[in-house]
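Colleague: I'll drop the sequence and a predicted model, then ask my questions.
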Amino acid sequence: MATTWKDIELRYQQHLATLYPAGEIKAIFLLIVEEIAGIKSSKYILEKTKSAEIYEEKLNVILEELYSGKPVQHILGKADFYGEVFEVNSHTLIPRPETEELVHLILQDYKNKSAVKVIDIGTGTGCIPVTLQKHLKESNVWAVDISPEAIEVAKRNAAKLNQPVQFILADILEWEFMFSEPQGFDIVVSNPPYITPKEMQEMHANVLNHEPHTALFVEESAPLLFYDYITDFALYHLKQDGSLYFEINQYLSLETADLIRKKGFADLEIFKDINGVDRMIRARRL
Ligand SMILES: C[S@@+](CC[C@H](N)C(=O)[O-])C[C@H]1O[C@@H](n2cnc3c(N)ncnc32)[C@H](O)[C@@H]1O
């Protein structure tokens with residue numbers, strides 16, 4: 001008897017049971033089915049008992065990749081972010097829902113202004129600047145990353161989504177060399193590396209083995225290094241009353257806020273993410 005989609009779904013559930021909860025396996029499976037056979041998740045139920053034989057070999061290869069811990073976004077080469085699809089690869093962080101919340105906060109704050117000057121530090125796939133450029137149409141949006149490979153991915157994402165973001169390959173720890181004079185940005189935003197080696201020990205093997213460590217980790221002795229440098233950058237390059245937005249380490253929210261306040265920023269506010277933990281900070285340059 002021909003192998004059906006249902007048979008393969010069962011195979012996925014059995015093989016991946018130790019790696020993911022059942023609901024997540026189903027969601028991953030549906031993404032893969034849509035990608036390789038063009039069957040939308042809403043229509044899957046109608047196809048479930050039909051033959052999947054012509055796709056079986058490919059589905060088995062993907063199952064092996066998933067079993068080895070490769071994230072589904074890397075297998076498919078793409079991830080969703082704020083209603084768009086972004087290319088991802090092993091050089092870029094997979095955009096997270098928490099970062100969509102950061103972008104949402106900015107878009108709420110600037111919903112009545114479409115022409116602002118923005119810079120995103122540590123851009124990865126370019127998910128933050130491309131989304132801001134799309135929604136703040138007349139804006140002048142810049143993005144920086146130290147990784148040439150990430151910049152290439154971000155440039156392709158911007159081009160594919162038709163957004164004229166300008167990219168700079170640079171090290172933010174040497175920001176003094178980036179521009180010769182103050183730029184008068186309205187917004188400086190960043191989701192910098194913020195995971196400490198101690199937290200790293202508790203992380204899922206998928207993240208540790210497949211996502212770029214330069215995107216994620218900081219030294220135990222200087223967990224706020226990037227916040228320190230980016231806040232200095234913002235102090236110099238934001239215009240008066242301009243805004244600084246950070247995604248933050250939930251365990252270091254008070255220390256991060258303290259650092260930013262001590263450098264002279266005002267109106268600091270910490271925001272929680274959908275999981276109820278401290279995840280974003282907004283501050284105003286005096
Ligand atoms: C946490 S990831 C964020 C990626 C993306 N903004 C997002 O939210 O999905 C941090 C990014 O910072 C970049 N990065 C790390 N060190 C850097 C440095 N010294 N200067 C500039 N970018 C850096 C990494 O390459 C990575 O793309």
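Modeller: Okay, I see it.
Colleague: what part of the chain, helix or strand, is modelled with the least confidence?
Modeller: helix 205-210 (a mean of 75; mean pLDDT, DSSP states H and E).
Colleague: can that one be found next to the ligand?
Modeller: No: under the criterion of C-beta under 6 Å from any ligand atom, helix 205-210 makes no contact with the ligand; the nearest approach is 11.3 Å. In this view, the C-beta of every residue, glycine as well, is placed from N, C-alpha and C.
Colleague: buried set for that helix?
Modeller: Using 16 or more other C-beta atoms under 10 Å as the burial criterion, the residues of helix 205-210 that qualify are 206-207, 210.
Colleague: make TSV out of these and add distance to residue 277.
Modeller: As requested, the buried residues of helix 205-210 are arranged in TSV below (distance: C-beta to C-beta, whole Å):
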residue	distance to residue 277
206	21
207	17
210	24
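Colleague: list just the nearest of the residues you listed to the ligand.
Modeller: Comparing those against the ligand with C-beta to the nearest ligand atom picks out residue 207 as the nearest, at 11.3 Å.
Colleague: residues in contact with that closest one?
Modeller: 71, 216 (C-beta atoms under 8 Å, 6 or more residues apart in numbering).
Colleague: ok, now how distant is it from residue 20?
Modeller: For residue 207, the distance to residue 20 equals 13 Å [C-beta to C-beta, to the nearest Å].
Colleague: repeat that for residue 192.
Modeller: Using C-beta to C-beta, one obtains 28 Å as the distance from residue 192 to residue 20.
Colleague: confirm residue 28 sits in a helix?
Modeller: Yes: Residue 28 forms part of a helix when assessed by DSSP: H, G, I helix; E, B strand; the rest coil.
Colleague: okay, now it: neighbour count?
Modeller: Burial measure for residue 28: 21 neighbouring residues, criterion other C-beta atoms under 10 Å.
Colleague: got the contact list for the nearest residue to it once chain neighbours are set aside?
Modeller: With C-beta to C-beta, 6 or more residues apart in numbering as the criterion, residue 28 has its nearest non-adjacent residue at 4.8 Å, and that residue is residue 72. Listed by C-beta under 8 Å, 6+ apart, the contact set of residue 72 reads 28, 31-32, 66.
Colleague: and the residues you listed, which are buried?
Modeller: Buried members of the contacts of residue 72, scored by 16+ other C-beta under 10 Å, are 28, 31-32, 66.
Colleague: okay then, goodbye and thanks.
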